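# Sequence first, predicted coordinates after that:
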Amino acid sequence: MASGGVLRIARLRALIDHPGTGAGERAVAQRMLDRILHKSGTSARAGSVRRSYGARHDRGGRHADLARIVEMIRADLDFAQRFTVPGETAELELRSPIRDAPAGITYSVESPSYGRIVIGIEGVPLEWGWSCADGIETVAPALRELAAALADIMDSYNRDGPEIGKRFFGSVRVHDVTLVW
């Protein structure tokens, strides 16, 4: 039996090659496929091996401004939420924290200042996103998993290394709590 990663790659390639796939959906599927194929975050570029580039670093162009990157992250989040429609014969059975999150959750992607991108998670139900033990409210594992998936998408557009600075500093927040820096 094939593993989940192999199935996801095959299904993304099928979606990209399908004649009924729209141009925008095809582009987002291609970016998701690129992210999976380059999950390690290292690049085969000539030069320093200490540099790391996200899988989508080159998608918007080497010198893409933050507004363009914010647009691409929004498109990726939109695609990840609607990757399948329940009940369709082509429905994937792979687990996706973004797709599996409660329907009332919304995301905002903003660049509040130069060199910074913030993904906000809004509309999180208390019973899903927070757990209470001994009177102390903590972030539930499902919300942490969702934040990590959002951070993976955001980081796929970033770069880092000792000779180069980060393209941007990103964080994932829910209300006043920063879940991922």
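That came in fine, so what should we check first?

# which residues in this protein form helices?
Ranges of helices in the chain, per DSSP state H, are 4-17, 23-37, 66-81, 97-100, 126-129, 141-155.

# For the lowest-mean-pLDDT helix or strand in the chain, name the packing helices and strands.
Every helix and strand of the chain was ranked by mean pLDDT, DSSP states H and E. The lowest is strand 52-53, at a mean of 73. Helices and strands touching strand 52-53, by 3 or more C-beta pairs under 8 Å, 6 or more residues apart in numbering; DSSP states H and E, are strand 159-160. For the C-beta atoms, the positions are set from N, CA and C on the backbone; glycine is no exception.

# Low-confidence bits of the chain, can you list those?
Scanning the chain for pLDDT under 70 picks out 1-5, 39-49, 51, 55, 58, 61-63, 83-94.

# which residue of the protein sits farthest from its center?
Centroid-distance maximum for the chain: D134 at 33.3 Å, with C-alpha atoms, centre = their mean.

# wait, what's in contact with F169?
F169 is in contact with G115, R116, I117, W181, counting by C-beta atoms under 8 Å, 6 or more residues apart in numbering.

# Once you drop chain neighbours, what's closest to the residue nearest the centre of the chain?
Central residue of the chain (C-alpha atoms, centre = their mean): I153, 2.3 Å from the mean position. Spatial nearest neighbour of I153, excluding adjacent residues (C-beta to C-beta, 6 or more residues apart in numbering): D76 at 5.1 Å.

# ok, that neighbour to D160 distance?
Distance, D76 to D160, by C-beta to C-beta, to the nearest Å: 20 Å.

# Likewise for M72?
Taken as C-beta to C-beta, the span from M72 to D160 is 18 Å.

# More neighbours: which of those two?
When M72 and D160 are compared for neighbours, M72 comes out ahead with 20 against 15, by other C-beta atoms under 10 Å.

# Next, the contact list for the nearest residue to the more buried one once chain neighbours are set aside, please.
Spatial nearest neighbour of M72, excluding adjacent residues (C-beta to C-beta, 6+ apart): G60 at 5.7 Å. Contacts for G60 (C-beta under 8 Å, 6+ apart) come out as R68, I69, M72, Y157.

# now do T106
Contact partners of T106, counting by C-beta under 8 Å, 6+ apart, are I121, E122, G123.

# top of the residues you listed by neighbour count?
Compared across those, I121 has the highest neighbour count, 21 neighbours, by other C-beta under 10 Å.

# nearest spatial neighbour of it, skipping sequence neighbours?
V174 (4.3 Å).

# and the contacts of G60, which are buried?
I69, M72, Y157 (16 or more other C-beta atoms under 10 Å).

# okay if I get these as TSV plus distance to I36?
Listed next are these as TSV, based on distance: C-beta to C-beta, whole Å:
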residue	distance to I36
I69	19
M72	16
Y157	15
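
# Quickly name whichever of the residues you listed is closest to G170.
Distances from G170 to the buried ones among the contacts of G60, taken as C-beta to C-beta, are shortest for Y157 (8.7 Å).

# That's all I had, so thanks and see you.
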